[in-house]
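1. sharing a model prediction with you, sequence too.
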Amino acid sequence: MIVPTAIFILASLAAANMPASFYQAMSSMPNEDTLCVKNYDAGASFTESYKNFEHLQKDTQVVSRSYNASINEKDRTRGNASLEVRIDSSVIGEAHIAWQSKEPEPDLLGRHATYSRTVDDMTGVFNLEKFIQLWSNSTLGSTRLDWLPCS
């Protein structure tokens with residue numbers, strides 16, 4: 001019992017003797033919350049980052065799937081793969097939301113063609129709701145979106 005008490009007292013004394021610059025550095029560190037997800041089979045990636053925030057309440061759901069992935073390296077056919085993200089955030093601060101979709105297989109020069117990408121940078125007080133759905137091996141008409149009518 002004496003040993004734990006002595007350790008606590010020594011730790012308290014050590015913390016009390018820290019220079020003022022230590023406490024200034026610790027209190028001036030910006031806060032950050034970052035999430036990055038990649039699905040190599042789908043050729044999709046997603047980044048969600050919040051920095052310098054006073055308030056952050058978020059609910060992010062990520063579903064990354066790969067179906068019928070071929071283990072044989074000579075087989076260039078890909079199964080269906082997807083990356084789906086649902087974001088619901090309330091923020092006072094800065095946010096960076098980005099995603100991109102690329103061709104999983106390189107061309108003759110070793111490059112991966114970029115199909116689409118977007119970057120959203122926001123600063124201030126805002127609520128954020130997004131649904132991002134990136135699929136491989138989908139053709140026009142294979143997915144169905146229901147849009148809200150303009151009024």
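-> Good, I have the coordinates. Numbering: from 1, shown residues only.
2. measure the closest residue to Q133 other than its chain neighbours to Y50 for me?
-> Nearest non-adjacent residue to Q133, counting by CB to CB, 6 or more residues apart in numbering: E84, 5.0 Å away. Quick note: C-beta positions are derived from backbone N, CA and C, even for glycine. Using CB to CB, to the nearest Å, we find E84 at a distance of 20 Å from Y50.
3. more neighbours: these two, which one.
-> The neighbour count for E84 versus Y50, taken as other CB atoms under 10 Å, is higher for Y50 (21 against 18).
4. which strands and helices lie in contact with the helix or strand that one falls within?
-> For Y50, the element it lies in under DSSP states H and E is strand 44-66. With contacts taken as 3 or more CB pairs under 8 Å, 6 or more residues apart in numbering; DSSP states H and E, strand 44-66 sits against strand 32-39, strand 81-102, strand 114-135.
5. partners of that strand in the sheet?
-> Within its sheet, strand 44-66 is paired with strand 32-39 (antiparallel), strand 81-102 (antiparallel), according to DSSP bridges.
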